[in-house]
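Asks: what follows is a predicted structure for the sequence shown.
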Amino acid sequence: MDRGTRVLIERVRRNDLALTLLNFLSRDISVEQVLELVEALKGNTVLQTLNLLGINTGTAGAHALASMLKVNKTLIALRIDGNRNGLEGTVALVDALRINTTLRKLRLNNNNIGAGGAVALADALRVNTTLSVLSLSATNIDTAGAVALADVLKVN
């Protein structure tokens with residue numbers, strides 16, 4: 001494990017008050033390190049913004065992030081662009097939105113969530129009233145998925 005990444009994960013684990021934002025690109029962190037970071041975030045009460053860009057964590061990473069989102073009460077912005085969440089991972093993530101009451105911004109750009117992911121997201125947004133920014137570019141959402149999201153956004 002890269003020493004710098006190891007130090008950052010340890011700072012998250014220790015609730016370092018100076019660490020409120022973390023940015024990782026694919027070259028900065030491995031999938032295994034992301035899983036360790038997400039585990040540390042379950043008990044973190046400081047970090048507010050996490051950006052994981054192009055890391056290709058896939059379904060396992062999405063499930064780990066979903067598990068964290070169900071218990072973390074301080075993260076307000078999550079950007080997971082280009083992580084190949086797929087439908088199963090997306091469903092796990094958006095299911096966590098039914099429970100999470102602190103996340104305000106979610107960016108899922110360049111993840112192939114498709115219509116099924118969009119419909120699952122729309123269903124979760126019927127319950128979640130705290131998310132105010134949602135970015136879904138290049139996600140392969142078809143007309144049915146877009147209609148489902150548009151319908152829920154009329155009332156949420």
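Replies: Ah, there it is.
Asks: residue 89 contacts residue 56, correct?
Replies: No: contact criterion Cβ atoms under 8 Å: residue 89 and residue 56 do not qualify, at 11.2 Å. Every residue, glycine included, has its C-beta placed from N, CA and C.
Asks: show me which of these two is the more surrounded one.
Replies: Each of residue 89 and residue 56 has its neighbours counted (other Cβ atoms under 10 Å); residue 89 has more, 26 against 13.
Asks: check contacts around the residue nearest to that one when sequence neighbours are not counted.
Replies: Excluding its sequence neighbours, the residue lying closest to residue 89 (Cβ to Cβ, 6 or more residues apart in numbering) is residue 62, at 2.7 Å. By Cβ atoms under 8 Å, 6 or more residues apart in numbering, the contact set of residue 62 is 80, 83, 85-86, 88-90, 92-93.
Asks: gap between residue 139 and residue 121?
Replies: 10 Å (Cβ to Cβ, to the nearest Å).
Asks: those two: which is more packed in?
Replies: More neighbours surround residue 121 than the other of residue 139 and residue 121, with 28 against 21 (other Cβ under 10 Å).
Asks: isn't the more buried one up against residue 149?
Replies: Yes: with contact defined as Cβ under 8 Å, residue 121 reaches residue 149; the gap is 6.6 Å.
Asks: give the residues shared as contacts by residue 139 and residue 121.
Replies: With contacts defined as Cβ under 8 Å, 6+ apart, the residues shared by residue 139 and residue 121 are residue 113.
Asks: skipping adjacent residues, who's closest to residue 104 in space?
Replies: Per Cβ to Cβ, 6+ apart, closest to residue 104 is residue 76, 4.7 Å.
Asks: gap between that neighbour and residue 116?
Replies: 27 Å.
Asks: ok so, going back, buried subset of the contacts of residue 62, written for ChimeraX?
Replies: Typed into ChimeraX, the line below selects the buried ones among the contacts of residue 62, using 16 or more other Cβ atoms under 10 Å:
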select :80,83,85,86,89,90,92,93
